[in-house]
Every structure is written in C-alpha cells, then in structure tokens.
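Enquirer: here you go, sequence then predicted model.
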Amino acid sequence: MKKRITPDDIPLPAKDLCTETDSCGSISILMHNKGVFNRIAQKLFGRPEISCIHLDETGSFVWSCIDGSSILAIGDRVKERFGNAAEPLYPRLILFFTELRDCGFVELTEKK
C-alpha cells in the first residue's frame, strides 16, 4: 500500500521524465511507452511510442511550482494565482499529486 500524501510532502519530477512547454505556457508530460505489451500494441494497433499528457492551466501552473517546495507552499501559490476558483484547494492538490505519483511522474519526499 502506498503512503498517504500529506501537505508537508515535497514533490519532485521523476528522473528521466520529459516535458514540453508550448507558447501559451501549457505543459505536456511525455510518457515513453516501454515494455513488451506496449511494443505489441505499437506494432499491431499503431499505438504511439510516446504519449503526450497535456495539463490544463491549473495543472501547468502547479507543475511549474514543483521546485523543492512542499505541497502546502505550492497551495499558497495556487491560491494567490487562482483565488477561490482553486477551492477546495488541498484535497484537489493531494488528488493531483496522488495521480502524478501513481503514474510515475513525480516522487514525493517527506519534509525534513
């Protein structure tokens, strides 16, 4: 069972993760589809070798805040930028980072 994420955790991008930023500032995460089953799907069904996960405005902003700050500090920046539109802020951030962690896009460390 994976550790429960708390606002004190510090997210960091996974090693070997590639991202792209477009001219509007939107971030896309590039996921390399590796492994036997992915190779079969690529050959038989024309699945892409690299999948591109596009983050929305909020997700792109949160991703750009991943700089060694805790989720709590990132939440403060999100609140300042988006105001009440970000609410419920911390449950959303925890869910967002849970998804990123489960997909292997971020690693979380405990605040020291």
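Expert: Structure's in. What do you need? As the structure is a prediction and not an experimental result, all values here were calculated from the model.
Enquirer: give me the most central residue, the chain.
Expert: residue 100 (4.2 Å; C-alpha atoms, centre = their mean).
Enquirer: what ranges do the strands span in this structure?
Expert: 10-13, 18-21, 27-32, 50-54, 106-109 (DSSP state E).
Enquirer: quick one: buried residues of the last one?
Expert: Neighbour-count burial for strand 106-109 flags 106, 108 (criterion: 16 or more other C-beta atoms under 10 Å). Bear in mind the C-beta positions are built from the backbone N, C-alpha and C, glycine included.
Enquirer: quick check: bridge partners of residue 54?
Expert: On the basis of DSSP bridges, residue 54 is bridged to residue 28.
Enquirer: go ahead and confirm it touches residue 26.
Expert: Yes. Taking contacts as C-beta atoms under 8 Å, residue 54 lies within contact range of residue 26: 6.6 Å.
Enquirer: among the two, which residue is more densely surrounded?
Expert: residue 26 (16 against 12; other C-beta atoms under 10 Å).
Enquirer: hang on, the earlier thing: can I get the strands of the chain in JSON lines with distance to residue 69?
Expert: Formatted as JSON lines, those follow (distance: least, C-beta to C-beta, whole Å):
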{"stretch": "strand 10-13", "distance to residue 69": "7"}
{"stretch": "strand 18-21", "distance to residue 69": "18"}
{"stretch": "strand 27-32", "distance to residue 69": "17"}
{"stretch": "strand 50-54", "distance to residue 69": "22"}
{"stretch": "strand 106-109", "distance to residue 69": "12"}
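Enquirer: deepest of those strands, which one?
Expert: Ranked by mean neighbour count, the strands of the chain are led by strand 10-13 with a mean of 19 (mean count of other C-beta atoms under 10 Å).
Enquirer: does anything pack onto that strand? Which helices or strands?
Expert: Helices and strands touching strand 10-13, by 3 or more C-beta pairs under 8 Å, 6 or more residues apart in numbering; DSSP states H and E, are helix 71-82, helix 89-102, strand 106-109.
Enquirer: give the buried residues for the first one.
Expert: Neighbour-count burial for helix 71-82 flags 71, 73, 74, 75, 78 (criterion: 16+ other C-beta under 10 Å).
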